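**Student:** Sharing a model that was predicted from the sequence below.
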Amino acid sequence: RKEVEQDPGPFNVPEGATVAFNCTYSNSASQSFFWYRQDCRKEPKLLMSVYSSGNEDGRFTAQLNRASQYISLLIRDSKLSDSATYLCVVNGDDYKLSFGAGTTVTVRA
Amino acid sequence: EPEVTQTPSHQVTQMGQEVILRCVPISNHLYFYWYRQILGQKVEFLVSFYNNEISEKSEIFDDQFSVERPDGSNFTLKIRSTKLEDSAMYFCASSEKGITAFFGQGTRLTVV
């Protein structure tokens, strides 16, 4: 079983729409959880950390469900600039980040 | 804003040659990492480095690979004898406490 699994998409949404996607992780001892964003041929950039209580950062909302071992990201009021690949990243107790393969989101005008 | 810097941005090398990829982590960070991403594939962990030694390494990080922190600022990845399948984007990352990591812009390695 893969350490981190994501729906690859692509999710094609119009501007202003809401889009949501999940990822699952296999290691129940995982400590920290993140969403990174990656633009084509660029480095991963931290979008937000994910906390058990759920957290928001502007139009972005992340949720963590430890019991079911999944993480979600919701983007409200999508902008063209939100088009990217979103990487689910899990940090185990070995200080090693494990990446999902990414979910591609394309926002169209 | 502090950032991780990597050089060169692009390296072309012949198969069998040695390459050294260089990184300058964020100055107060203590944990350093190398990741790679083959075109069209996911980001893969290579190695983590803490307290002047390797703390974790993946199966990819075989005897052809080595890392070094030669001074207080640089962190290098050496590939001794490059193979075609080593062609990838190599990302350096650093972290203050081993939790949240920040990535450099990457070195695109092309082995011909």
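**Tutor:** Received, thanks.
**Student:** switch to C-alpha atoms for all contacts and neighbour counts from now on
**Tutor:** Will do.
**Student:** Say whether chain A is contacted by stretch B:87-105.
**Tutor:** Yes: residues of stretch B:87-105 contacting chain A under Cα under 8 Å from any Cα of the partner chain: B:91, B:98, B:99, B:101, B:102, B:103, B:104, B:105.
**Student:** What are the contacting residues of that stretch?
**Tutor:** Applying Cα atoms under 8 Å, 6 or more residues apart in numbering or on different chains, the contact partners of stretch B:87-105 are A:32, A:42-46, A:91, A:95, B:3-6, B:9, B:23, B:25-26, B:28-39, B:106-111.
**Student:** contacting residues around residue B:80?
**Tutor:** By Cα under 8 Å, 6+ apart, the residues touching residue B:80 are B:16, B:17, B:18, B:19, B:64, B:65.
**Student:** got CSV for those, with neighbour count too?
**Tutor:** Output for those, formatted as CSV (neighbours: other Cα atoms under 10 Å in any protein chain shown):
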residue, neighbour count
B:16, 14
B:17, 12
B:18, 15
B:19, 19
B:64, 13
B:65, 18
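**Student:** Show me what residue of chain B gets nearest to chain A.
**Tutor:** Relative to chain A, the nearest point of chain B is residue B:42 (4.6 Å; Cα to the nearest Cα).
**Student:** and that residue, how many neighbours does it have?
**Tutor:** Around residue B:42 there are 15 other residues, counting by other Cα atoms under 10 Å in any protein chain shown.
**Student:** Let me see the confidence value for it.
**Tutor:** On the pLDDT scale, residue B:42 is placed at 92.
**Student:** Residue A:7: which of the contacts of residue B:80 is nearest?
**Tutor:** Using Cα to Cα, the shortest approach to residue A:7 within the contacts of residue B:80 belongs to residue B:65, at 32.1 Å.
**Student:** which non-adjacent residue is nearest the closest one?
**Tutor:** residue B:79 (4.7 Å; Cα to Cα, 6 or more residues apart in numbering or on different chains).
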